[in-house]
Structures are given as C-alpha cells and as structure tokens.
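Trainee: heads up, no residue letters with this:
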DNA sequence: TAGATTGTTAATCGATTAACAATC
DNA sequence: TAGATTGTTAATCGATTAACAATC
C-alpha cells in the first residue's frame, strides 16, 4: 500500500468533489462511477483508491459520502493540525493567504514574513506579518511545520534554509528554482512557466479535434 | 514518440535549468548526468528525452546547451507565439501577470479582464484590463489562443465559456473547480489546496529520516 | 430472482531503468 | 589506446485497466 504523490493528489481531489457533491434526491451515497466521472478517471481506480483508504462501501448501495470524507481526512489531515508560514507577502503571497482562509481547518497559515518595511508589522486577512529576520525564531516558537515560498528566485534559497533551521518539514515553492535542502525535507515545486507552457503546447498540438484522451490530471 | 503532459513538463524544466546553467570553465556543453542531477532524474532518461527532441549530442563531449535550448523551443514554442488573456485581476492575477512579464517571449499576456469597476480600464505592468463583458469580442479580435483563470470558483465556468466562444484553445485554471468544456479544449487545473495538502502529507509521513526517494517532480 | 455494485485478482500497458555496443 | 559518453535495446517496475465472483 504505497501512497505516492499522485495518490495523495487524487485523495485531495476526491474530497473536494465529495464536499461539493449534491445528489438529486436526498440520498447521501455516491457510486464509484459517479465519482469517477466527476474526477475524470475510471470506476475501478476509484474503488481501488477507497480500498487503500480502508473504507468499504455497501454492495449495490455505493459509498456514504460523509464517511468517505472522514476516511480521506484520516489519511490527509493530521489530528492536531499543521501550522504554515508564508514567506513573501506580495501579490502572490496575499492571494495564497486569502485562498486558504477557512478552506482547510487543519492547515492554517499562521504568519507571514517579508523584508520590505511597508509590508512588515501589519496583518493580511488577520495573518500577522513579521520581518524575515525572525523566521527561524518564530517558526521554532510557534512549532510551524510547513512553509510556503512566494518570493523572487534570488531570495528563495535563503528563506528556505531559515525555515528549515526553524524546524519546518515541508515546503511549497512557487519560485522557479530548485532548492538545495536536506533530503528529509519534502519540497513540492510549482513553476507557473511550466504550467502555462504545458497548456500552450497541448492547446496547439490538439488543434485537430481528433482527440486521443491524454492524461490531464492536475 | 508520444509526448504527454509529463514529458512537456520535463522539457520545460530542462530549458529552465539549461538557461541557468553556468559551467565552470567557458565550455558550453553539458553532460547527460549533469542535467540529470540538476533535474533530479537519471542520465538515461535525459538521453531518452533528447532523442525525442531529435537532438543528438557528441560522444564523450556531451550536448551543446544552446542547441538543446533551441531544440526544446522547437517543440514547446510556436513560431509566431501565442497570446494569452487572463480573467481575474485580483492579487493572484496581478502576480501571474508580473511573473510572466519578459519571461517567455513566445507567451505574452496581452490583456486582462475583470468585473469590478475599479479594476477595469487601467493597466497592470503595461497589460490593459477590460470589462469581462468584452471577453468574447476582444479574444476573437486579438486572436488570443490561451486563457488563464484567476477567479473565484463561482465565476470561473462562465468566464471559461466566454473565452472558448472567443476562440481560446487552452485554459490554465487556478480555481478549485472542474470546468465543463468541449473535449478539444485543453484544460490544466491547479488547485492550491491539493498542492499544499501534498506537501503537508509527505512532510508528516516522512517524519522519520528513513527516506525512500519517492517521485517529487513538479 | 434479476439487477447492480462491490472487492479483488489477472492482464495490460507504459514508463523507467539497466545494460552495452558504438563512437569520439 | 584507455576513458568517457552517447544511442538504443532489453529488462524491470509499477500503475492502470479489465474481468468476474461475491454480495445486497
């Protein structure tokens, strides 16, 4: 039962879809093929994923949505929640803070950091912003376990190192640069250039509507 | 020679790394294992990817970086360039516009759209912003082929449809919602929740430094 | 029961890795 | 030549899909 990045991403998607799921009648169950069609994959895969979760459905009655959501939460969420710090409170940082407000109770962005004097010592949507000099100190004090980098390329490595010194275990990096960090720190990179280039390529190549369903999951 | 999403993402990453690559002496070549180590994969895979590009290196001399960049450009870029429109000019939209400024000459965000009166009829980093009512008209007029959605969930579907009516062929969607569009439109979704949840999960699970190198490519 | 969906195994598919002759 | 890297094939690995008995 290996849970890899792709599996986690599917679980996250399933949860989102289940929370949005509005059945016609007031039934609170969902069939594997229904969720599969929402998620864009096959019913067999949905069933296999649920087996991994350890949640068994009822034959010919499907799965109870609220129990599925609980099962997914048991895997994805930590019981006591995880605190997140964000470094870089420009437009992107503000957008991320706003995006996560009240969205996932177990993942809270508790503080931001920046170097620009006019961005420090204020709050963004209730999230206090401190000077980047204090990253290590405050991350350790608050027992923050995750970091988000929404900084220019040149500042990202130093910020990442400060986060790790403070005790952060995982980093989401929006800057298009590979970070050099200890191997036990999980880094997930998101390069918007790659993202848009992928769209651009397939938008061009797929020009002919002779479409052969390639994998376009997240 | 099937080029799928993952392959395109690797090409994009290679290009970024090659453009940053600063060899010690003034040699302008790179070995497969050097690029592999930068990109975090194996030398064999790098060589295989280059074969797909149709660029052959020199035995025991490696690959010329500038010719590699050209070969990648021949696949990823369209000769005449592709125009992009962005819908939603809040913090995220502004960040994306700023991010792409001068980054990829063949991908230009030529205009933005919004509905809020105070965001319309101004420019952001030289990019003019119009009212969302005019999406279809202006996208068709300017022959824009790509769209970026940086909008709240509830507004995204309508905006996507307007873009498609205007002639857009591919959409990068930042809102956590599945769009219902004709199958010949390529949609790439980016859900920040999924992204952060993935980091959170592996940061937790990997707690013990008994690390078994899982796949963490973009 | 008949119909439908589930859990689970077997078959398929594709991507990655390993290996090695060819080349400079 | 010896050393190193390339192009390319074969072997491995893992994930996805197909299939079907079991169950309600």
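Mentor: Perfect, thanks for sending it. Everything numeric here is computed off the predicted structure, so don't read it as measured data.

Trainee: from the contact counts, what lies against the helix or strand residue A:69 falls within?
Mentor: Following DSSP states H and E, one finds residue A:69 within helix A:65-76. Helix A:65-76 is packed against helix A:5-20, strand A:29-30, helix A:43-53, helix B:192-205, with contacts defined by 3 or more C-beta pairs under 8 Å, 6 or more residues apart in numbering or on different chains; DSSP states H and E. Backbone N, C-alpha and C define where each C-beta goes, glycine included.

Trainee: for residue A:86, which non-adjacent residue is spatially closest?
Mentor: Once flanking residues are discounted, residue A:86 sits nearest to residue A:148: 4.3 Å by C-beta to C-beta, 6 or more residues apart in numbering or on different chains.

Trainee: would you agree the one you found falls within a strand?
Mentor: Yes: Residue A:148 forms part of a strand when assessed by DSSP: H, G, I helix; E, B strand; the rest coil.

Trainee: and of the helices and strands packed on helix A:65-76, who's closest to residue B:68?
Mentor: Smallest distance to residue B:68 across those (C-beta to C-beta): 27.4 Å, for helix A:5-20.

Trainee: buried stuff in that closest one?
Mentor: Counting neighbours by 16 or more other C-beta atoms under 10 Å in any protein chain shown, one finds that the buried residues in helix A:5-20 are A:5, A:7-18.

Trainee: next one: stretch A:73-87
Mentor: A:73, A:75, A:76, A:77, A:82, A:83, A:84, A:85, A:86, A:87.

Trainee: again with stretch A:19-28
Mentor: For stretch A:19-28, burial by neighbour count (16+ other C-beta under 10 Å) applies to residue A:21.

Trainee: same question for that stretch, mean pLDDT?
Mentor: Mean pLDDT, stretch A:19-28: 80.

Trainee: pretty sure the residue nearest to residue A:86 is touching residue A:109, no?
Mentor: Yes: contact criterion C-beta atoms under 8 Å: residue A:148 and residue A:109 qualify, at 7.4 Å.

Trainee: more neighbours, those two?
Mentor: Neighbours per residue, other C-beta atoms under 10 Å in any protein chain shown: of residue A:148 and residue A:109, the larger number sits with residue A:148, 29 against 24.

Trainee: pLDDT below threshold where in chain A?
Mentor: For chain A, the stretches with pLDDT under 70 are A:1, A:25-26, A:207-218.

Trainee: that older thread, of all the helices and strands packed on helix A:65-76, which lies closest to residue B:158?
Mentor: helix A:5-20 (17.2 Å).

Trainee: that closest one to helix A:43-53, inter-axis angle?
Mentor: Counting by axes from the mean of the first three to the mean of the last three C-alpha atoms, to 10 degrees, helix A:5-20 lies at 100 degrees to helix A:43-53.

Trainee: touching helix A:5-20 from outside, list them.
Mentor: Under the contact criterion C-beta atoms under 8 Å, 6 or more residues apart in numbering or on different chains, helix A:5-20 has outside partners A:30, A:35, A:38-39, A:41, A:45-46, A:49, A:52-53, A:65, A:68-69, A:72-73, A:75-76, A:217-218, B:176, B:178, B:191, B:193-194, B:197-198, B:201-202, B:214-216.
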